[in-house]
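K.L.:
next one to model:
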Amino acid sequence: MKTRLYGKRYNLLMLCMAMAFSTISAACTANDSIIVNKNNTSRITINGKVYEVSPGTDISINGDEVVIRAQGGNMIISNSGSSVEETAEQKRAQEQARVAREQARVAREQANTVREKALKDSRATHKEAQKEFRKTQKNSRQDRKHSKNAGNYTQSVFASSSAQSRVYSTEISKTIVLTQNQVRLESDINVDIKYIRSGEPSIHIAGQQVGVNSIGVSIEGKTVKLYPLQNVDQSLLKGVTITVRGKSLTSVSLLGAGNFSAKELIGSNVELKTLGSGELNVDNVSASIVQAYCDSAGDLTIGRIDSNTAAVNMMGAGDVKIGKFDGTVFRVQSSGAGDLQVDNIVATSVEAYLNGAGDASLKNIKSEAVKAYLNGVGDLTLTGNSHSANLYNNGIGDIKARGLKASRVSKSNLGMGEIYQ
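P.N.:
Presented below is the predicted three-dimensional model:
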C-alpha cells in the first residue's frame with residue numbers, strides 16, 4: 001500500500017495515512033507506535049526507534065518490510081527492527097572480531113612454539129643431569145659393596161691371624177627362651193639371622209665363645225633386640241650364627257650389616273624394614289596388611305606376597321624385588337635412589353608414586369585401576385592389563401606404559417619427562 005501526502009487535502013490524506021500507519025503497526029512489534037503532530041509530520045516508532053515522516057514521503061509495506069521513501073534516500077525496516085545501516089555495522093563488527101580471533105590464534109601458536117623449544121632445551125639439560133646422577137648412584141652402590149667386602153675381608157684376616165696365634169675360644173652356644181608375645185625382632189649386629197617358623201619361640205646363638213659373648217640380647221615388651229656389646233670389635237662376630245624359632249614373628253628390622261632370611265612370615269600385620277646395609281630375604285609373606293620399608297643401603301627381596309593391602313616405601317639406596325603380589329591394593333612410594341622391580345601383580349588397585357632417582361618396574365599387571373604419579377628423575381615401566389590407567393608426569397623421568405593395555409587412559413604431562421603409552 002502507498003500513501004502520498006499533499007497540503008490541501010489534509011483531512012482526507014491524514015485519514016489515509018492513519019490507515020497506512022495502522023497497517024505498519026500491524027507489521028511491527030507490540031512496542032511500535034505512530035504519532036501525528038501539529039507540524040504536519042508523523043513520528044513512527046519501530047522497535048524503540050523514532051522516525052519522523054513529513055508530507056511528500058512514500059511509505060510502502062512489503063510483507064515484513066516497511067520502506068520509507070524520502071528525498072534523502074530510502075530506509076528499509078524489517079519486522080525485527082534491523083536496518084541496512086545496522087546490518088553493515090554488524091558485519092564490520094563481526095569482521096573485526098574475526099581478525100582479532102585470528103591474531104590471538106597466531107599469538108598462541110607463537111607462544112606454544114617458544115614454550116616447546118624451551119621445554120626441549122630444558123629436557124635435554126635435565127636428561128644429562130639425570131645421567132650424571134645415576135652414574136653417581138651406581139658408583140655409590142659399588143662403593144657400598146666394596147666396603148662390605150672389605151669388612152668381610154678384615155674379619156677373615158682377623159680369624160686367620162687368631163687361628164695362627166691360637167687365640168680362638170672354644171665353640172659354645174646359648175639359647176634364649178621367648179614367649180608368644182615376642183613378635184618383633186630388631187638386629188643391629190653384623191651377624192646373619194635365620195628364621196624358622198616352627199617349634200618353641202627361642203633364639204639360638206652359636207659360634208666361638210668370644211663372638212657369642214659379644215652379642216647382647218634384650219626383651220622389651222613384644223620386641224627382642226640383638227646388639228653388640230659396648231666396645232666390641234665387630235670382627236669378633238665372624239662365624240657366629242643366630243637362629244630364631246617360633247610362629248609369632250611378624251616384624252623384622254635390620255639396623256646393621258647382618259642379613260635376615262626366612263621361608264615364610266604369616267600374621268595379620270607383617271612389617272619388614274631395612275635400615276642398615278643388611279639384606280632382608282623372605283620367600284613368602286601372608287597377611288592382611290604388609291608394610292615394607294627400605295630406608296638405607298640394604299636390599300629387600302620377597303618371593304611372594306598374599307595380602308589385602310601391601311605398601312612399599314623406599315627412601316634409601318637399597319633395591320626392592322618382589323616376585324608376585326596377589327591381593328586387593330598394591331601401593332609403592334619411592335623418594336630414594338633405589339630401584340623397584342615387581343614381576344607379577346594381581347590386584348584391584350595398583351598405585352605408584354615416584355619422587356626420587358630410582359627406577360620402578362611393575363610387570364604383568366592384572367588390575368581394575370592403575371594410578372602412576374612421577375615427580376622425580378627415575379623412570380617408571382608398566383606392563384599388563386587394566387580397566388583404567390591414570391598417568392601423571394610432573395618430573396624429569398619417563399613413564400613407559402606401551403606394554404600396558406587399558407580400556408580407559410587418562411594422561412597429564414606437565415614435567416620434562418615423557419609419557420609413552
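K.L.:
can you say which helix or strand has residue 218 in it?
P.N.:
Here residue 218, judged by DSSP states H and E, is contained in strand 215-220.
K.L.:
give me the neighbour count for residue 206.
P.N.:
Under the neighbour criterion other CB atoms under 10 Å, residue 206 is assigned a count of 16. (C-beta placed from N, C-alpha, C; glycine too.)
K.L.:
skipping its backbone neighbours, what lies nearest it in space?
P.N.:
residue 173 (3.8 Å; CB to CB, 6 or more residues apart in numbering).
K.L.:
who's in contact with the one you found?
P.N.:
Neighbouring residues of residue 173 by CB atoms under 8 Å, 6 or more residues apart in numbering: 204, 205, 206, 207, 212.
K.L.:
returning to that earlier point: got the buried residues for the strand holding residue 218?
P.N.:
Buried residues in strand 215-220, counted by 16 or more other CB atoms under 10 Å: residue 215.
K.L.:
and the contacts of residue 173, which are buried?
P.N.:
Counted by 16+ other CB under 10 Å, the contacts of residue 173 give 205, 206, 207, 212 as buried.
K.L.:
for residue 288, give me its contacts.
P.N.:
268, 269, 307, 308, 309.
K.L.:
how about these in CSV, adding neighbour count and distance to residue 242?
P.N.:
Formatted as CSV, the contacts of residue 288 follow (neighbours: other CB atoms under 10 Å; distance: CB to CB, whole Å):
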residue, neighbour count, distance to residue 242
268, 8, 26
269, 14, 24
307, 22, 27
308, 13, 32
309, 17, 31
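K.L.:
quick check, nearest of those residues to residue 225?
P.N.:
Closest approach between these and residue 225, by CB to CB: residue 269, at 19.8 Å.
K.L.:
contact partners for the closest one?
P.N.:
With CB under 8 Å, 6+ apart, residue 269 has these contacts: 250, 287, 288, 289, 290, 291.
K.L.:
next one: residue 187
P.N.:
With CB under 8 Å, 6+ apart, residue 187 has these contacts: 193, 225, 226, 227, 252, 253, 254, 255, 256, 258, 260, 278.
K.L.:
if we use 7 Å, what do you get?
P.N.:
Residue 187 makes contact with 193, 226, 254, 255, 256, 258, 260, according to CB atoms under 7 Å, 6 or more residues apart in numbering.
K.L.:
any idea how far it is from residue 322?
P.N.:
Distance from residue 187 to residue 322, counting by CB to CB, to the nearest Å: 22 Å.
K.L.:
also residue 178?
P.N.:
Residue 178 is 29 Å from residue 322, by CB to CB.
K.L.:
just give me the neighbour total for residue 407.
P.N.:
9.
K.L.:
that one: which element?
P.N.:
Assigned by DSSP H and E, residue 407 falls in strand 399-413.
K.L.:
thought residue 356 was touching residue 336?
P.N.:
Yes - in this structure, residue 356 is within contact of residue 336 by CB atoms under 7 Å, at 4.8 Å.
K.L.:
just the helices from this structure, written as ranges.
P.N.:
10-27, 84-164, 209-212 (DSSP state H).
K.L.:
low-confidence ranges in the stretch 101-250 of the chain?
P.N.:
Scanning the stretch 101-250 of the chain for pLDDT under 70 picks out 118-120, 122-169.
K.L.:
no wait, the stretch 251-400 of the chain
P.N.:
For the stretch 251-400 of the chain (pLDDT under 70), the answer is none.
K.L.:
so where do the strands sit in it?
P.N.:
251-254, 260-266, 269-274, 280-294, 300-314, 320-334, 340-342, 345-346, 349-354, 360-374, 380-393, 399-413 (DSSP state E, counting those that start in this stretch).
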